[in-house]
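Asker: I would like the atomic coordinates for the input below:
(one chain, ligands or ions: 1)
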Amino acid sequence: MRIGILTSGGDCPGLNAVIRGAVLKGTEINGQEFVGFKDGWRGVVAGDVRPLERGDVRGIGKQGGTILGTSRTNPFEGNGGPERIQENLDRLGIDAIMAIGGEGTLAAAKRLTDAGLKIVGVPKTVDNDLDATDYTFGFDTAVQIATEAMDRLRTTGDSHSRCMVAEVMGRHVGWIALHSGMAAGAHAILIPEQQTSLEQVAAWVRSAADRGRAPLVVVAEGFKPDQTDDAHSERGLDAFGRPRLGGIGERLAPMIEELTGIETRATTLGHIQRGGVPTAFDRVLATRLGMAASDIVQEEAWGRMVALAGTEITTVAFEDALGKLKTVPQHRYEEAAMLFG
Ligand code: F6P
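Answerer: From the prediction side, this is the model:
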């Protein structure tokens, strides 16, 4: 079996470890061959491939980014579509596709599988917002990076007796904010799942300052302040037509300063959270998912993706994985909120 691997959507630490896991298990145990599609679905539609042999994945498990490149190309747009893609696969002698990507990638993979293409999936999102898997690789790395950044913000905040606002990723869900905020001892954590009033934020900030602490407020980019239905966006739309988020921290800082009288500064961590080497946890998870993805190709389990259930790798049908966000449950937020202020 000859397999074409693609990485699609926003990059994520651990993508290379998935590729390495799949290629090593696939070539050594399952008798498979691999090629890499360049830049996600763009490479599939254009028939643009690169070799992916054992030597090509040497040492990449600890590398950030993706050696295959990525894009937010929709395989149904432009010259795409199932017939064109199948023609490319036939011409290149590729029997099956392994698609590593998030919600948009897996939705496209499902449509193509429904049209008869042979595809398996590996879920990817730093936001950790897919309900069908307990954790996604890249999330642990993002939390680690955000926590280290907050530890640094706290020492400069302490020196100046300032309130520091740290904005982290999290379009629909607040997992990165919750975990990094808890790890860094934040005095307030603001997430998309919870409506929190500015007065409440100001009260937490004042309470921390009254005890002689420099307040740390962590906010997820998708947080919606009081009386707003949409997350803060001032940078237009991305290639999927989604608002490009970012900037809520900068918007909140002067409001907090005005309400509390405490000098406040905001830092947006942005893509730093997605760059650089994956943590050991993410390397192991990604490697195991890649190995399991090679196995489900061997089983011809088309239309399924690998997932983590507890500590075990399992599989889930695309349709059962799509459209279901893993939000922060109320009890997890309340548990963190006990320590606010
Ligand atoms: O979807 C994952 C994510 O990290 C979101 O939290 C964020 O809004 C988005 O990617 C930004 O990605 P990019 O700037 O690459 O489009």
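Asker: who's in contact with the lengthiest helix in the chain?
Answerer: For the chain, the helix with the greatest residue count under DSSP state H is helix 139-160. For helix 139-160, the external contacting residues (C-beta atoms under 8 Å, 6 or more residues apart in numbering) are 13-14, 125-128, 162-164, 166, 168-169, 175-176, 179-181, 183-186, 213-216, 218, 263, 265, 267, 269, 272-274, 276-279, 281-282, 285. For glycine as for every other residue, the C-beta is placed from the backbone atoms N, C-alpha and C.
Asker: Take those and keep only those in helices.
Answerer: Counted as lying in helices by DSSP H, out of the contacts of helix 139-160, are 175-176, 179-181, 183-184, 281-282, 285.
Asker: Turn those into TSV, including distance to the ligand.
Answerer: What follows is the ones in helices among the contacts of helix 139-160, written out as TSV (distance: C-beta to the nearest ligand atom, whole Å):
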residue	distance to the ligand
Trp175	10
Ile176	8
His179	14
Ser180	13
Gly181	16
Ala183	19
Ala184	19
Phe281	18
Asp282	15
Leu285	17
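Asker: most neighbours, which of those?
Answerer: Of these, Gly181 is surrounded by the most neighbours, 30 neighbours in total, counting by other C-beta atoms under 10 Å.
Asker: wait, doesn't that residue sit right on His187?
Answerer: No: in this structure, Gly181 is not within contact of His187 by C-beta atoms under 8 Å, at 9.0 Å.
Asker: Name the residues contacting each of the two.
Answerer: With C-beta under 8 Å, 6+ apart, Gly181 and His187 have common neighbours Leu216.
Asker: Can you name the residues that contact Ala166?
Answerer: Ala166 sits next to 146, 149-150, 153, 180, 184, 186, 216-219, 249, 266-267, 269 when contact means C-beta under 8 Å, 6+ apart.
Asker: err, Phe281, not the other one
Answerer: Taking C-beta under 8 Å, 6+ apart as the criterion, Phe281 is in contact with Asp140.
Asker: returning to that earlier point: now the angle between helix 175-184 and the longest helix of the chain, please.
Answerer: Interaxial angle, helix 139-160 versus helix 175-184 (axes from the mean of the first three to the mean of the last three C-alpha atoms, to 10 degrees): 50 degrees.
Asker: Buried residues, helix 139-160. List them.
Answerer: When neighbours are counted by 16 or more other C-beta atoms under 10 Å, the buried residues of helix 139-160 are found to be 139-147, 149-150, 153-154, 157.
Asker: any idea how far it is from the chain center?
Answerer: 19 Å (C-alpha atoms, centre = their mean, to the nearest Å).
Asker: That helix near the ligand anywhere?
Answerer: No: judged by C-beta under 6 Å from any ligand atom, helix 139-160 stays clear of the ligand, getting no closer than 8.1 Å.
Asker: CA atoms only for that helix, dumped as PDB, please.
Answerer: In PDB, the C-alpha atoms belonging to helix 139-160 read as follows (Å, rounded to 0.1, in the frame of the first residue of the first chain):
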ATOM      1  CA  PHE A 139      -1.900  21.400  23.400                       C
ATOM      2  CA  ASP A 140       0.600  20.400  26.100                       C
ATOM      3  CA  THR A 141       3.300  22.400  24.300                       C
ATOM      4  CA  ALA A 142       1.200  25.500  23.900                       C
ATOM      5  CA  VAL A 143       0.300  25.300  27.600                       C
ATOM      6  CA  GLN A 144       4.000  24.900  28.600                       C
ATOM      7  CA  ILE A 145       5.000  27.900  26.500                       C
ATOM      8  CA  ALA A 146       2.200  30.100  27.800                       C
ATOM      9  CA  THR A 147       2.900  29.100  31.400                       C
ATOM     10  CA  GLU A 148       6.600  30.000  31.000                       C
ATOM     11  CA  ALA A 149       5.600  33.400  29.400                       C
ATOM     12  CA  MET A 150       3.300  34.100  32.300                       C
ATOM     13  CA  ASP A 151       5.900  33.200  34.900                       C
ATOM     14  CA  ARG A 152       8.000  36.000  33.200                       C
ATOM     15  CA  LEU A 153       5.100  38.400  33.100                       C
ATOM     16  CA  ARG A 154       4.700  38.000  36.800                       C
ATOM     17  CA  THR A 155       8.200  39.000  37.700                       C
ATOM     18  CA  THR A 156       8.000  42.200  35.700                       C
ATOM     19  CA  GLY A 157       4.500  42.800  37.000                       C
ATOM     20  CA  ASP A 158       5.700  42.400  40.600                       C
ATOM     21  CA  SER A 159       8.600  44.800  40.000                       C
ATOM     22  CA  HIS A 160       6.300  47.600  38.800                       C
END
